Structure formats: structure tokens, C-alpha cells
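>>> This is a predicted model, with the sequence first.
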Amino acid sequence: MEESSSRSTRSNEQRKEMKKVLEKTVKKRSKEEEEEQEQEEVQIFNFKCTKEEEETKEEEDLSDSEDSVFSGLEDSGSDSADDDEEEEGSDHKGPEKDDLKIEDEEEKRGTETEEKQDDEYKHDSSDEEDIRNTVGNIPMEWYKDFPHIGYNLDGKKIYKPIRNKDELDDFLDKMEDPDYWRTVHDKQTGSDIVLSDEQVALVNRLQRGQFGDVNFNEYQPQVEFFSQDVMLHPVTNRPADKRSFIPSLIEKEKVSKLVHAIKMGWIKPRRTEDDSRGRYYDLWANEDSSILAKHKMHLPAPKAPLPGHQESYNPPPEYLFTDEERALWEQQDASDRKLPFVPRKFSSLRQVPAFPRFLHERFERCLDLYLCPRQRKMRVNVNPEDLIPKLPKPKDLQPFPTTQSLVYRGHSGLVRSISVSPSGQWLASGSDDGTVRFWEVRSSRCMRTVQVGGAVKSIAWNPNPLVCLLAVARDSVVLILSPSLADRQVVLSTERLLSGQREAESTEEVGPVTWSDAEGEELSQGITLKIQHPKAVHQVTWHAKGDYLASVMPDHSSHLQVFIHQVSRRRSQNPFRKNKGLVQCVSFHPVRPYFFVGTQRSVRIYNLVKQEMTKKLQANSKWISSMAVHPGGDHVICGSYDCRLSWFDLDLSTKPYKMLRHHKKAVRSVAYHRLYPLFASASDDGSVIVCHGTVYSDLLQNPLIVPVKVLRGHVITHDLGVLDVTFHPTQPWIFSSGADATIRLFT
Amino acid sequence: MSQLQARFFTDNQRYVVDDVPFSIPAVSEVQDLSNVINKLLEARNASHNKVEFDFLVRGQFLRTSLSTHMDTEGISTVLPASILTGSYDKTARIWSLEGKAVMTVAGHVDVVKDVAWVKRDGLTSLLLTASLDQTLLLWEWNSERNKVKARHCCRGHTGSVDTVATDPTGSKFCSGSWDKMLKIWSAVPTDEADEVEEPADRPRKKQKTQQLGLTRTPLMTLSGHNEAVSSVLWCHSEEVCSASWDHTIRVWDVETGGMKTTLMGSKVFNCISYSPLCRRLASGSTDRHIRLWDPRTKDGSLVLLSLTSHTGWVTAVKWAPSHEHQLVSGSLDNLVKLWDTRSCKAPLYDLAAHEDKVFCVDWTESGLMLSGGADNKLYTYKYSVCPTDAGA
């Protein structure tokens, strides 16, 4: 840029000089023209010489690399201006200034040129060509050997101008005449013509391809006559063609061809380019995974500590060292220093010098990062909910009882015990009002009422489907009831069972238990046998075969707490010499000859055949209230008065496999379903909780216990809620009896 | 009275028409009746030639119009529609539509669980009672003398007989019992007792005293249910459908005695009803829903529709005899509901008359709805105008 601009200025200076030179020559020439005719002969020689000189001069010009633009008609000023425009871009001021300068100079000598032009135009009749010479449009070489170059209008010879300049003059002209660059040799007249500014400008415009007339505006606004807009006054009054109203047949033909081609499948829709294939590829697809893993294991460098107040250029005064501190700092070893530098105070940030230890510090940090091993901390994220074992949803564990369906009303006292007949048709209930009632399950109708003359503590239906018997514990008597609610065959077989050993029985009249036949009114009510115990019987339960009956008389002092009766033989025996603890409940194993005895704290399992204790289950509860044995025989549940229900897996351990504390108050009764994987517990809080309990034959798999439903319905009376609970033998239904003298069926 | 119900019988096999009651204008004469018979025969047999028939009405030739003939001969015009109920008081009762107890049928030693009409024409009707005492009794009721006589005692079940149904022809009936069996019996009264193989050690005299009517043994026993049979019905004269506590509905072929299809449910079925008009089974079970089934499906367990509005066990459902979409249901929530299967979301009417559990519902031919419940009452409801109870 600078160079070019200096060059342009230089060229301007040159130009000025040249203009001066040209002016001089023009002045000279105008003087000389007056003397033309007198010096004709001399001119001829000179002319030749000048021609040769001019050629050589042109060659020189061509050879001149920088100023070759000066050749011919080209305007060096305008050219340089062009250069400027190209180089300086939008800056137009430079060349304009130059032009102005040029104009100023031209104005100075304007008077002279105008006079000259007046002279010229006296002879001029045409813009196109100088017609002072009348030889016409012929090659002027033909006049090469003549002193004249043609004839004027008067027929006189026009003589070639006298060329008395030699090469030196010419060169001087070139160097000194400022108008030399605009001097043109007229072949017709053989004279040199100095072009005026207007002519130069015209030449420039024409060279640029512009219009010769300066005032001609080639970009005049165009007036659109025929446009898409419908004008109020149309250009023509011609009505619209008919073809503009009817659909074009050609277009129709084209469209139909296209449609046909589409139908035939020749034209297919443009296929969208599939970028996924070919165009892009996974740069790291074949990369070794270990390298990637290394990248993944990238550890970010620990961040450098941020500067504190000590590092400030203007620290608070307490951070500045006192003399002692400074002395201490200087005495200390570099590694013992608290600070690696001395805090300094500057009045302004401008005066802070360069930090001399910068490189050193960077190096130390790099060493730290390089030499001190870093380790990725593996944080173990444990979701606490994952630790809870996944239990299936109760919805998936159906069927189980959900709603109360029937209420069996009729008792007037609290119903202590209920039992369902093996067929599932009848329900027996024993109550404190001294009655045993038989209900039809499906209609909740009380079919029979048997007055037993005392509060019924326990009731148990014989599980053998071939006999129809009911054991009822009333005070110290166990009554055997034959409700005759079954098939006649069954009733008969029951009678046979009861009467079979009547004769044999009479001989052995031993022990504290007496068997006696019921008579009179009791017999008509269905009571067939009475087994008199020494103390109040709390519980009766049958063996699965239906011949043996166990009864419980809880008593601390006596060893006579449990009796096992054989109904067919009318025999009773006390299986235990001595009792440890207060017996709460007993139960027979459903298939094997085992006998479960539940005391306050534990459950003992006896083998009746070997007559020994096989297991002692420790229930972690204070007072066992009830017990139920799984129909498979390997699991036992115990309910206790301290609101717990414990599930024992006999194969697993003598400790409870699971303790369920769902009840708010004492658990009164527990029961297993015979077919479905269900068990239930009834409590004094008036609720029955039904749980799903699947046991697996696979010994390695623990039972699945899921509480599924809380059944409410019983009204709590005298702080007692539900007293007994039992399942229907075939359906997933549950019966519960409560202190509100009702029995409820939930299905 | 403009219409009469009439059945036509003949000994000539060529001219037998269906043994169903026809509704005939009371003013029609011999010629009109003859035309009716000819039309019926033509419909059956295109090559039938027109025959002039004579008609005997209870042994008398018909000479005038039917109405005048009945006036002169003193024949009661309509059979008084009667309602038969069985009760837990061990009796069955026959009621007139007005709610008057016409007859008490006592004979069972235990609760009557189900009752059914066998034949209701002429002066003598045949009716059935099923009881908890494991027997069914076939009674003959003479409405003129208002006497009832036990014709047969059907023995064979070993559990309480919970349900009984008569086949469409009135010649057989089927009973379902708690002992998981279905038994097919002949409903035609005879004068001989069937032989019963007695248990050897059974005291004979005791059995004799208990006997009421002649002993009858089942024609066929259909076994296959795993639990008590709660409801039985005849789809048509060769097909019996039974619902059970083992969560299944089974369709049996009476001819072969085999089981045809089984529809599996998820709950105990209390009752089923079949409508020949829409050929659907409706079932009520020990949940709140009434389910509609298509018994023709082979692979079972396709519930077409569930009607849910009851809040207790559905103990009884019955399709309307003359309406394709209507059914009535009774539930333990003391409500009887009239349903239209086209609107399964809600019942048409809640009939809240009972004060205790509803155990049975039925329709009369004339479109009255009946319901009986644990409050010892039988209610009739008229649908056409608005549901009103006509008293017990």
C-alpha cells in the first residue's frame, strides 16, 4: 500500500513535470507553425528522422516496465487512479484530489488552450475528422516521398510540418513537456495535436466502455408496460384469449404421460440419500478397546489452589510480614516455609513487577502431577430400596379372600370357636351362650342349634369325610356331636364308629377320663358321647384320619395337661409323664405320627411312635396363643399374645423363619388353608390378616410369605376382636368369628 | 278375552303338530282352527294337501266358536298362572299370581332347595321339588280338587339336591347335587317303582316308613364336576348345562352322557341362566359380577360381557323369556336388578323390595318378575309400566 501510494505520488510529480515540458513544446510548436511554409524542404529530412525517433522512442517506452502505460493515448493519471481504486478499495478521495489538482493546473493554462481551440475550430466542419486535408481516406504512406501530405479545400498543398527537432529535442520534449502524454500525431496533417481535457476524458470514458456523453444516464428507471398486475387502464383493449380460459391440452397430455409413467413404475420417487452407509464412518471402530478404556479412565488433574490474600498485590496489612516474620522466613529452609514468597504491597497494579518464580512454580506443579500418583475413587452407590427383597404384588397372588360376603348372625355370646365340615357345606360354631350352631355356608342359614349347657371353648369337625362328627369342648367335658347333616351312608358309618367298641369299653374303666353315652334329650340333639375330663378343656383337635382326638387342659401344677382319645375304642391316654410349661395348644401332624405341643414359649414336636421329642421350636414370643400346621407338615405358624406371628420352617431351624408383626393386639388364632397357599391370623384388634405363603418342595428355596389382605368387619366388644379364624376347605374363603357374636365369611 | 292358549294333539302321525301352546283368537271356529293346522302342516311339509279337521275339546266336539263352546261346557278359560316356591321350612308352595297361597306341598324331611314345573296343562300339573334330604319328589297337583300327591321319590343322590331343571319336552329332568353329580331322571309318572339295590345291613322297615311315593332311579348320571353342582338347566332337549363350585360351567350331551364343553371361570358359580333368544349363558358367581358366556365356544373361558352393579354375591340370574336382552338378577345385597345387556354399565332398575338376601328370581310367561329371599317373602314385579311390588 505505502509503496503503491508513494509510487502514485511520484507518478503525479512526474506527470506535472511532463506537463510542463509538453506546454513548452506546444508553445514552441505554435510559434513554429507560423513558419511552416518557409521551411518545407528542411522538414522532409527531419520528418524521416522524427519518425524513426518516434519508433525507437516507442520501443523504449515498451521496454520501460513501470511507465509503459504512457504509450499511445493512455492517460497515465487516470491509469494510476485506476490502480489506486483497485488498491485502496473504497477510498476514492486520493484520485479525486489528483483530478482536482490536474484541473487546477489546467485552469491556469486554460486561456491559452481555449485560444488555440478557437483556431482549430475555424477550419473544422465535422467532429469526426479533420477535413482540412482533402486527399480522402487513403494510406498516407503514399505521400511519404512528397514534401506535402495533401491538399486543402483551396487546392493548395498542405506541407508537412517542418521537423527541425532532433532526437535530443524529442527526448527533452518527452521529459519536459507536461503535455507530451496528450500529444497526438495527426497523420492527415502531419502535425502534433495536444488533446484537451474534455477529449482526454472522452477517450477515457470510451476506453472504459462508457457512454461518450457524460450526462447520459444509462440506468434510467424502466417503465413496465406489460406486467402481471392488472391495470385499471389496460395498455391494449384486446379481450383475453379463449385459450386462457380452457385447460391446456398440451399440459394435460404431459400430465397424463407422467401419470402413466408413475403408474407403470417408470418414474420412481427420488431416492433419499442414505447417509449412514459410505459417507460417514466410525473413525474409532477398529480402535483397540484398551486404548479407549485408557481414555475413559482419564483422571482430571486436581485444581491448583486459588490465590489468597497473601498473593494480592495490595494485601491487607495483617498479611504483610513484620520484620521478625521476614527474618524467620529468610532463616527457614525453603521446604519449611509456610509461604513460598513474601507478600508485598504495591500502590497500584501497574507497579507489580513480573513474577520471577513463574516458570519455577509451573515446573513444580507439573512435577507434582507427574510424580504423585492419582487414583480414581470408586464410590459404591447402593440404592436402599434394592436391598429390600422383591416381593410379588398381592394382585398377582390371587385368589385370596378380599371382601366380606356373608354374616352369620344368631349367637348371643361371643363365638369362641368355629369349624367347617370337610365338604365345605356346613359351618359349626361354638359360643359362650351355651350353644353350638350349624350353618349352611352358602346361605348363612342356621340349620341347627344344639344346646350344650355351657360355654363352648373349642369345636372341631372331624376331618374324615366318611364320618360326620364334631368334638365340642364345654367346661371339662368333651362332647362328640353327630349333627347328621351328611349323607345317610356317612351317618351310618358314624354311628358304626361310635358304637363299635361300646362293649369292649366297659371293661377298662381307668384313669382320670371317663367316657359316657349321652342319653335322653342330649341324644336327640345329636350328642352321642361325653368325655369327662378332670379339668376345663381349652382345645380339642382331631387327627387327620379322624379317629384320634386330642384335648388340652392348661394347668401348671399337673402333668395331666394333654389327653389323646381314640374314639373308635373309647380309650384315652396321657402321652406325657411330665409337662414342661403351660400347654396352650396341641396339633397332630397331618401325615406323620408327630404331635405338636405348644407351650407358652416354645413348641415341642414329639414322635408318637418312638415316644420321644424330636424338636423344640423357640418362638421368640412371650405367650403362644395358637398354632397351625401346614398341610404339608413341614411348616408351623404360631400366633402369640404379644401381637406376633412366627413362621417356622421345620427343615430350616428351630428359630422362626419369619416373624410377622402386623397386628396391633394379641393374635388369637392362626390357620392354614388346606389347598391354597394361604394362611391367616386373627387378632383382638378386630382384623384378620391374610397372607400368602408358598412353600417349595425344593429345600433350598425359602417359603415366600407376602401379606395380601387385611380383613375388617368384626366389632370389638369387651376388648376382644376376632377370636377364631378358619379357611373353607376347598374355596379361598375364610371364616372368622368374633366377640360381637357374629361369624363372617370373606371371599 | 280375545286370545286363547291351545295345544293340538292327534293320534294320526301324519298330522302331528308341535306340542306347544298356540295363541288363538277366542272367536275362531272349526274352520279357522282347521286352517291353522293346515298352515302349520304346510309349513312343515310342502306337499301337504288341505284336510278338514274336527276338534275335540276335552272329549267334546267343537261345533261353535271356541269362546261359546267353553261357556257352554264350563271350561275355565285360562290356566291360572301359578308360582311354585320351595322354602327352608321343608315345604314347597303354590301361589297364585295375586299372592294367594294355593297349596302347600309338604313331604320332604329337610329343606326344599329347588322346585320346578314339569307339566302345566289340564287340571293336573306335575311338579318337582329337590331337597336337602338327598331326594327329589315328583308331585301331581290336581288344581281342580286342589290336591297334591307325591308320585315318585327320586333317590340316588348322596348329597343335598340343590338344583333341578325340566327339559323342554317335559319328559325328563336333570338334578344337580352337592355330591358333584348330575342325574337325569324320567319325568313321566308311572305306577311301578324302580328297583333299588339296597344296602344289605340297612333296616328295611325304617326305609319303608320314610318312603313317599314310588322310588325312582336315575336314567343317567353325569359326573365330572369336582365340586358341588349349584345350578343346572337345559339348553335344548339334548343338552344340559351345569354350573358348579369348582369354577366351571359344563355342557353335557344327554344322549351320550358325555361332557361337551367346559367354560372356566375364576369364582364359584351360584347360578346360570340360558336364553334361547340370544343364545347366551348368564352366570352369577360369588363376586359382584354377572357374566355372559357363549356356550358354543369350544375352548371355554370366553366372557362376553360383565354386568357389575351388585355389591354382594349374585345368587340368581334369569333371562327374560320373551325379551332378547333383558335379564333379572338377585344378590345377597338385598337387591333385585333388571338388566338390559345393551347397557352393561348400569342396570335398568334396582328393585329394592327385599329386606334380606335374595335367593331366587324368575319370570312368568306374562312378563312378571319374581324374586324370593331370606326375608321369607316372594315379590312380583311388573316391568312394563313401572316396577311395583305386588305384595308377598
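That came through fine.
>>> Please count neighbours and contacts with C-alpha atoms only from this point.
Noted.
>>> which parts of chain A sit against chain B?
Residues of chain A found near chain B (Cα under 8 Å from any Cα of the partner chain) are A:405, A:486-488, A:747.
>>> residue ranges with poor pLDDT in the stretch 501-650 of chain A?
A:501-511, A:579 (pLDDT under 70).
>>> Going along the chain, name the strands of it.
A:514-517, A:527-532, A:539-542, A:548-552, A:562-566, A:571-573, A:585-588, A:594-598, A:602-607, A:612-618, A:624-629, A:635-640, A:645-649 (DSSP state E, counting those that start in this stretch).
>>> Over to the stretch 1-150 of chain B?
Under DSSP E, counting those that start in this stretch, the stretch 1-150 of chain B gives strands at B:3-6, B:22-25, B:56-57, B:60-61, B:82-86, B:91-96, B:101-106, B:112-120, B:124-131, B:136-142, B:147-154.
>>> The most centrally placed residue in chain B bridge partners, please.
With distances taken as Cα atoms, centre = their mean, residue B:116 lies nearest the centre of chain B, 4.8 Å away. Residue B:116 has these beta-bridge partners by DSSP bridges: residue B:128.
>>> hang on, it packs against residue B:127?
Yes: the pair residue B:116 / residue B:127 is scored as a contact, 5.8 Å apart, by Cα atoms under 8 Å.
>>> thinking again about what came up before, as TSV, the strands of the stretch 501-650 of chain A with mean neighbour count and distance to residue B:146 would be great.
Supplementary listing: the strands of the stretch 501-650 of chain A in TSV, determined by neighbours: other Cα atoms under 10 Å in any protein chain shown; distance: least, Cα to Cα, whole Å:
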stretch	mean neighbour count	distance to residue B:146
strand A:514-517	17	48
strand A:527-532	22	42
strand A:539-542	26	52
strand A:548-552	23	54
strand A:562-566	21	55
strand A:571-573	19	58
strand A:585-588	25	59
strand A:594-598	22	64
strand A:602-607	22	68
strand A:612-618	15	72
strand A:624-629	26	58
strand A:635-640	26	62
strand A:645-649	25	64
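>>> tell me which helix or strand of chain A sits lowest on mean pLDDT?
Within chain A, no helix or strand scores below helix A:76-88, which has a mean of 40 by mean pLDDT, DSSP states H and E.
>>> Return the residues in contact with residue B:28.
B:65-66 (Cα atoms under 8 Å, 6 or more residues apart in numbering or on different chains).
>>> From residue A:655, how far out is it?
Distance, residue B:28 to residue A:655, using Cα to Cα, to the nearest Å: 91 Å.
>>> is it fair to say residue A:492 lies in a helix?
Yes: with DSSP: H, G, I helix; E, B strand; the rest coil as the criterion, residue A:492 is part of a helix.
>>> per-residue confidence for it?
Note on residue A:492: pLDDT of 76.
>>> residue ranges with poor pLDDT in the stretch 1-150 of chain B?
Within the stretch 1-150 of chain B, the stretches with pLDDT under 70 are B:1-3, B:71-81, B:121-123.
>>> backbone phi and psi for the closest residue to residue A:190 other than its chain neighbours, please?
Excluding the flanking residues, the one nearest residue A:190 by Cα to Cα, 6 or more residues apart in numbering or on different chains is residue A:160, at 5.7 Å. Backbone torsions of residue A:160, given as degrees, to the nearest 10, read phi -60, psi 140.
>>> Same question for residue A:167.
phi -60, psi -30.
>>> State the number of residues packed around it.
Residues near residue A:167, counting by other Cα atoms under 10 Å in any protein chain shown, number 17.
>>> quick one on the thing from earlier: and the gap between the residue nearest to residue A:190 and residue A:150?
Distance from residue A:160 to residue A:150, by Cα to Cα: 9 Å.
>>> Tell me which strands the helix or strand containing residue B:350 pairs with, and in which orientation.
Element membership for residue B:350 (DSSP states H and E) is strand B:349-351. The strands beside strand B:349-351 in its sheet (DSSP bridges) come out as strand B:336-340 (antiparallel).
>>> For the strand it pairs with, what is the distance to the chain centroid?
20 Å (Cα atoms, centre = their mean, to the nearest Å).
>>> what do you get for stretch A:375-387?
22 Å.
>>> That one: end-to-end distance?
29 Å.
>>> Touching it from outside, list them.
Contacts of stretch A:375-387 (Cα under 8 Å, 6+ apart): residue A:299.
>>> Can you give me the buried ones in that stretch?
By neighbour count with 16 or more other Cα atoms under 10 Å in any protein chain shown, stretch A:375-387 contains no buried residues.
>>> for the stretch 201-350 of chain B, what spans make up the strands?
If DSSP E, counting those that start in this stretch is used as the criterion, the strands of the stretch 201-350 of chain B fall at B:214-216, B:220-223, B:229-236, B:239-244, B:248-253, B:259-264, B:269-275, B:280-285, B:289-293, B:303-308, B:314-319, B:326-331, B:336-340, B:349-351.
>>> strand partners of the second one, parallel vs antiparallel please.
Strand B:220-223 pairs in its sheet with strand B:181-186 (antiparallel), by DSSP bridges.
>>> Give me the angle between the partner strand and strand B:229-236.
Counting by axes from the mean of the first three to the mean of the last three Cα atoms, to 10 degrees, strand B:181-186 lies at 40 degrees to strand B:229-236.
>>> OK, contacts around the residue of chain A found nearest chain B?
Closest residue of chain A to chain B, Cα to the nearest Cα: residue A:487 (5.4 Å). By Cα under 8 Å, 6+ apart, the contact list for residue A:487 reads B:134, B:158-159.
>>> Quick check: residues of the stretch 101-250 of chain B near chain A?
B:134, B:158-159.
>>> and if we set it to 7 Å?
Contact residues (Cα under 7 Å from any Cα of the partner chain) of the stretch 101-250 of chain B with chain A: B:158-159.
>>> and what of the stretch 251-392 of chain B?
So the stretch 251-392 of chain B meets chain A at B:312-313 (Cα under 7 Å from any Cα).
>>> Name the spans of the stretch 251-392 of chain B whose pLDDT lies under the cut-off.
Those would be B:298-302, B:383-392, if you go by pLDDT under 70 across the stretch 251-392 of chain B.
>>> cutoff 80 now
Across the stretch 251-392 of chain B, the ranges flagged by pLDDT under 80 are B:295-304, B:323, B:344, B:365-368, B:382-392.
>>> Just list whatever residues bridge to the spatially closest residue to residue A:656 that is not a sequence neighbour.
Nearest residue to residue A:656, sequence neighbours excluded (Cα to Cα, 6+ apart): residue A:648, at 4.6 Å. Assessed by DSSP bridges, residue A:648 has beta-bridge partners residue A:636.
>>> swap in residue A:587?
residue A:596.
>>> hang on, isn't it packed against residue A:596?
Yes: with contact defined as Cα atoms under 7 Å, residue A:587 counts as touching residue A:596 (5.0 Å).
>>> What does the pLDDT read for residue A:296?
68.
>>> give me the number of residues near whichever residue of the stretch 201-350 of chain B sits closest to chain A?
Residue of the stretch 201-350 of chain B nearest chain A, by Cα to the nearest Cα: residue B:312 (6.2 Å). The number of residues packed near residue B:312 is 22, by other Cα under 10 Å.
>>> Let me see the contact set for it.
A:405, B:287-288, B:331-333 (Cα atoms under 7 Å, 6 or more residues apart in numbering or on different chains).
>>> Most neighbours out of those, which is it?
residue B:331 (29 neighbours).
>>> Residue B:365 versus that residue, what's the distance?
Relative to residue B:365, and taking Cα to Cα, residue B:331 is found at 23 Å.
>>> cool, and residue A:403?
Residue A:403 is 37 Å from residue B:365, by Cα to Cα.
>>> One more: residue A:415?
For residue A:415, the distance to residue B:365 - Cα to Cα - is 47 Å.
>>> now residue A:393
In terms of Cα to Cα, residue A:393 sits 50 Å off from residue B:365.
>>> ok, now residue A:699?
Taking Cα to Cα, one finds residue A:699 at 63 Å from residue B:365.
>>> try residue A:412
In terms of Cα to Cα, residue A:412 sits 45 Å off from residue B:365.
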